[in-house]
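> what follows is a predicted protein model with its sequence.
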Amino acid sequence: DFRPTNATAKGVIMKSALLDSTATYPAYIAQTGDNEICIMNFLNNGSSVNVMLGADKSVNIAPQFIMNNSMYGDFLCYAANWDKSKSAIKGYISGTATSQSIELGNLGVFASADMTTCAQRNRSLSFTFSDGTISFPAAKPLTWTGNGSQASPFVITNAEQFAAFAESVNSGNDYSGKYIVLDADIDLSNLPYKFRPAGMFTDKPFKGNFNGQGHTVANLSITQGDVPNTGLFGFADQGSVLTNVKFTGAAIESRGESTGVLVGHSKGKISTVTATGCSVVSYGQYSGGIVGYLEKGSIDNSSFNGDIDAYGGIGGIAGEAEYAHITNCHSSANMNMAGISNFTYRGVGGIAGNTIGANISKCYFNGLITEKTSYGLVGGITGSAIEDTITQCLNAAPLSSVAPENSGSESYPAGNAGGIAGLIYGTTISD
């Protein structure tokens, strides 16, 4: 598919600490949604990246694939601060735009497995184009009813209202002490723009109370680069409550850490959540059917049915659970651990991948776990159990793990498998 270029890129590339060079080359910009564009030939090697557009004409680029090297693997574009460090910065590449230009600051092309190995350092990168090449989204108005109190909560009745709510969280409204309810089933595939998680930025979390009232969120679809906190909610901070909601047909894919259908990272309370026919694909750590990373929070009376393909810290309910409570949860997930993103977090379990100081009770798993690396810690309830308490839990599922060719090494330790846990340290298992 050949297209005439419609933009000109100009990159100031660092050759050394004292020498820069300027590269000017053609690019093509396509509007792929109301709030997203795709820039082709982003770094003059034919690569394409998706760019999020804000109503304030801000731009955010999640780290995305740029090239592959036989020695170092995949290289992605990352933000950088060359005055302070030679390493990549986790998070979004941010910039500003007008109707005829996009301006980005420091960025680089880094090996995703080693955030210090850099193939190209840009001091700046800009794109110029004709007026009308792209359009920016209008701010989404909050048209819901209610005042946010427990007696009169904010009421969401359609997908557009939920997306507007998510946008308001991402703009800095944390809804602490406020109540939001879902008063109808919603289908997020009907949105004319890309859905963004509520609380997609770590410094702008959700802290309120969300009650789905038993309604269904259908066809949630999110594809993210190497950024954390991916799910319907991104980061739900301490004090948050997410409860009584169902999911069907969700498809979540991320290169970053903390990925789950309901929420990427939660420090709050989760209860009565079901996900059916859903899929999670993640190349980062902490990937769960419901929640990616459960930190000092709780989840109860929840279940997941679907597929999870990830690279470590994989759980049918929670990918990572630290000092958390998991109670009355069930998973029938088909889980596949095809690689390792971090040898510290290499557990895969029917309920949780890695658990530290967690309390897991009255949970069961009857799905399937397949581990193909020979380094994974595979367990029917939890992959790696460190100082946990596990009571009245049942695994009724087959576990498949590749036997290591040798006993492993300090750098690449061999994996383990067990009916309840793959590795146990200081953990009590009873009943």
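Looks like it arrived, so ask away. Residues are numbered from 1 along each chain as shown.

> what's the local residue count around the closest residue to residue 139 other than its chain neighbours?
Spatial nearest neighbour of residue 139, excluding adjacent residues (CB to CB, 6 or more residues apart in numbering): residue 55 at 4.1 Å. (C-beta placed from N, C-alpha, C; glycine too.) By other CB atoms under 10 Å, the residues close to residue 55 number 13.

> would you list the phi and psi of residue 55?
Main-chain dihedrals, residue 55, degrees, to the nearest 10: phi -60, psi -30.

> which pLDDT value goes with it?
The model reports residue 55 with a pLDDT of 91.

> the closest residue to residue 395 other than its chain neighbours: what's it in contact with?
Take residue 395 and drop its neighbours on the chain: the residue closest to it by CB to CB, 6+ apart is residue 380, 2.5 Å away. Contact criterion CB atoms under 8 Å, 6 or more residues apart in numbering gives 349-350, 365, 369, 395-397, 399, 418-421 as the residues in contact with residue 380.

> same thing but 7 Å
Remark: with contacts taken as CB atoms under 7 Å, 6 or more residues apart in numbering, residue 380 is in contact with 350, 365, 395, 397, 399, 419-420.

> just the buried residues of the residues you listed.
Neighbour-count burial (16 or more other CB atoms under 10 Å) applied to those gives 350, 365, 395, 397, 399, 420.

> surely residue 282 and residue 254 touch.
Yes: at 5.0 Å, residue 282 and residue 254 qualify as touching, with contact defined as CB atoms under 7 Å.

> could you tell me how many residues sit around residue 204?
Close neighbours of residue 204, defined as other CB under 10 Å, add up to 17.

> mind listing what it touches?
Residue 204 makes contact with 169-170, 172, according to CB under 7 Å, 6+ apart.

> dump the buried ones among the contacts of residue 380 into CSV; add secondary structure, distance to residue 297 and pLDDT as well.
Converted to CSV, those look like this (DSSP: H, G, I helix; E, B strand; the rest coil; distance: CB to CB, whole Å; pLDDT from 0 to 100):
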residue, secondary structure, distance to residue 297, pLDDT
350, coil, 20, 97
365, strand, 21, 97
395, strand, 24, 96
397, coil, 25, 93
399, strand, 27, 90
420, coil, 23, 95
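
> tell me where this protein has helices.
With DSSP state H as the criterion, the chain has helices at 159-170.

> returning to what we had before: the contacts of residue 380: which two are farthest apart?
With distance counted by CB to CB, no two of the contacts of residue 380 lie farther apart than 397 and 420, which are 11.5 Å apart.

> run through the bridge partners of residue 101.
When assigned by DSSP bridges, residue 101 has beta-bridge partners residue 98, residue 128.

> shouldn't it be in contact with residue 131?
No: Residue 101 is beyond contact range of residue 131, at 10.2 Å (criterion: CB under 7 Å).

> one step back: and of the contacts of residue 380, the nearest to residue 64?
Residue 64 has its nearest neighbour among those in residue 350, at 32.0 Å by CB to CB.

> contacting residues for the closest residue to residue 304 other than its chain neighbours?
In this structure, residue 304 finds its nearest non-sequential neighbour in residue 289, 3.0 Å apart by CB to CB, 6+ apart. For residue 289, the set of contacting residues under the criterion of CB under 7 Å, 6+ apart consists of 260-261, 275, 280, 304, 306, 308, 316-317, 331, 333.

> relative to residue 357, how far out is residue 289?
21 Å (CB to CB, to the nearest Å).

> with residue 427 instead?
Looking at residue 427 against residue 357, where the rule is CB to CB, the gap reads 10 Å.

> cool, and residue 417?
To residue 357, residue 417 is 23 Å away according to CB to CB.

> circling back to that earlier point, which of the contacts of residue 204 has the most neighbours?
Within those, most neighbours by other CB under 10 Å means residue 169, with 25 neighbours.

> for the stretch 151-300 of the chain, which spans come out with low pLDDT?
Judged against pLDDT under 70, the stretch 151-300 of the chain has no low-scoring part.

> quick one: the strands in it?
Ranges of strands in the stretch 151-300 of the chain, per DSSP state E, counting those that start in this stretch, are 154-156, 179-182, 186-187, 209-211, 216-218, 221-224, 233-236, 241-248, 251-254, 263-266, 269-282, 287-288, 291-295, 298-300.

> residue 63: which of these is closest?
Distance to residue 63, taken as CB to CB, is lowest for strand 221-224 among the strands of the stretch 151-300 of the chain, at 9.4 Å.

> mind listing what residue 155 touches?
Taking CB under 7 Å, 6+ apart as the contact definition, residue 155 lies against 144-146, 181, 183.

> just the buried residues of these.
For these, a burial check counting by 16+ other CB under 10 Å picks out 144, 146, 181, 183.

> would you point to the one among the strands of the stretch 151-300 of the chain that's packed deepest?
Burial among those, expressed as mean neighbours by mean count of other CB atoms under 10 Å, is greatest for strand 287-288, which shows a mean of 37.

> so which elements touch that strand?
Contact analysis of strand 287-288 by 3 or more CB pairs under 7 Å, 6 or more residues apart in numbering; DSSP states H and E lists strand 318-322 as its packing neighbours.

> partner strands of the strand it packs on, with direction?
Here strand 318-322 has these sheet partners by DSSP bridges: strand 291-295 (parallel), strand 352-356 (parallel).

> and the nearest residue to residue 8 once chain neighbours are set aside, what does it touch?
Spatial nearest neighbour of residue 8, excluding adjacent residues (CB to CB, 6+ apart): residue 128 at 5.2 Å. Residues in contact with residue 128, defined by CB under 7 Å, 6+ apart, are 7-8, 100-101.

> picking up where we left off before, out of the strands paired with strand 318-322, which gets nearest to residue 195?
Between residue 195 and the strands paired with strand 318-322, the shortest gap by CB to CB is with strand 291-295, which sits at 17.2 Å.

> got a list of contacts for that closest one?
If you take CB under 7 Å, 6+ apart as the criterion, strand 291-295 is touched by 231, 258-260, 262-267, 270, 286, 299, 318-322, 324.

> dump that strand to CSV, restricted to CA.
Listed next in CSV are the C-alpha coordinates belonging to strand 291-295 (Å, rounded to 0.1, in the frame of the first residue of the first chain):
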residue,chain,number,x,y,z
VAL,A,291,-6.1,-7.3,38.2
GLY,A,292,-2.5,-7.1,37.2
TYR,A,293,-0.9,-5.9,40.4
LEU,A,294,-2.8,-6.1,43.7
GLU,A,295,-0.8,-4.1,46.3
